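Visitor: Fold the following for me, if possible:
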Amino acid sequence: MSGAAAHDCWKRIGTWGDRSCPELKLHIHCRNCPVYSEAAARLLDAPVPEAYLAQNARHYAQAKTVARPGTRSAVIFRLAGEWLALPTAVFREIATPRPVHSLPHRRDRVVLGVANIRGELLVCVSLAAALGIPGQAPAGLRLAVMAREGARFVFPADEVAGLHRFDDADLAPVPATLAHAQAVYTRGILGWNGRPVGVLDDQLLFHTLNRSLA
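Guide: Residues are numbered from 1 along each chain as shown. Below you'll find the model as predicted:
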């Protein structure tokens, strides 16, 4: 078969065509035919276009962008209209709402009372009150249990979004418009899903909560 006649014969009269090629009885499939093999060899031996080489050279010369996971992990949650974050290491569990029993002779806005979490009575605190955030109901939709250096607290949150990883370089400065009480406890502002999230200083926060019990 001539080169002209053989050009793409597998598409016209072969396996991918009308299958009228008489050689199919012998070879069963065009992949087994020497004409198909010779065409493949000619394709591989053909010179590579200069434009193709230049395009690939530009592609592989570009610096690779390596996606690196953040070195810090935090749990993002909401108190009223404020999105906040605390290090993942301080969280123990997220529980469903349950009764919070007030403590006698306590009128502290920060200490709400005690809640029974898996048979353990934990002091329930209002982070909203500690941070000066207005508008949160005393009983949120979730109760978050947190612990640090032996101190354990539970606090109501209106929403818990989950874990997020970041680097310190991702934190923006605390804006001057932020309420003073909240600004004191905020290490920086993290951008998350188009929202500003205040990353809290857990050491300072636990120090304040422990003082509230004194």
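Visitor: and the most centrally placed residue in the chain, what does it touch?
Guide: Relative to the mean C-alpha position of the chain, the nearest C-alpha, by CA atoms, centre = their mean, is the one of residue 164, at 5.4 Å. Residue 164 makes contact with 70, 73-76, 85, 190, 192, 197, according to CB atoms under 8 Å, 6 or more residues apart in numbering. From N, CA and C alone the C-beta is placed, and that goes for glycine too.
Visitor: can you put these in CSV and add pLDDT, distance to residue 26 and neighbour count?
Guide: Below are those laid out as CSV (pLDDT from 0 to 100; distance: CB to CB, whole Å; neighbours: other CB atoms under 10 Å):
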residue, pLDDT, distance to residue 26, neighbour count
70, 72, 63, 14
73, 94, 66, 14
74, 96, 70, 25
75, 97, 70, 21
76, 97, 69, 21
85, 97, 72, 26
190, 94, 70, 23
192, 93, 67, 17
197, 96, 71, 24
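Visitor: out of those, which are inside strands?
Guide: Taking DSSP state E, the ones among those that sit in strands are 73-76, 85, 190, 192, 197.
Visitor: Just confirm residue 156 contacts residue 97, I think it does.
Guide: Yes: in this structure, residue 156 is within contact of residue 97 by CB atoms under 8 Å, at 7.4 Å.
Visitor: Looking at these two, which is more packed in?
Guide: More crowded of residue 156 and residue 97, by other CB atoms under 10 Å: residue 156, with 23 against 12.
Visitor: does that one sit in a helix, a strand or a coil?
Guide: The local conformation at residue 156, judged by DSSP: H, G, I helix; E, B strand; the rest coil, is strand.
Visitor: need the contact list for the nearest residue to residue 70 once chain neighbours are set aside.
Guide: Leaving aside its chain neighbours, residue 70 sits nearest to residue 165 (3.4 Å; criterion: CB to CB, 6 or more residues apart in numbering). Counting by CB under 8 Å, 6+ apart, residue 165 touches 69-74.
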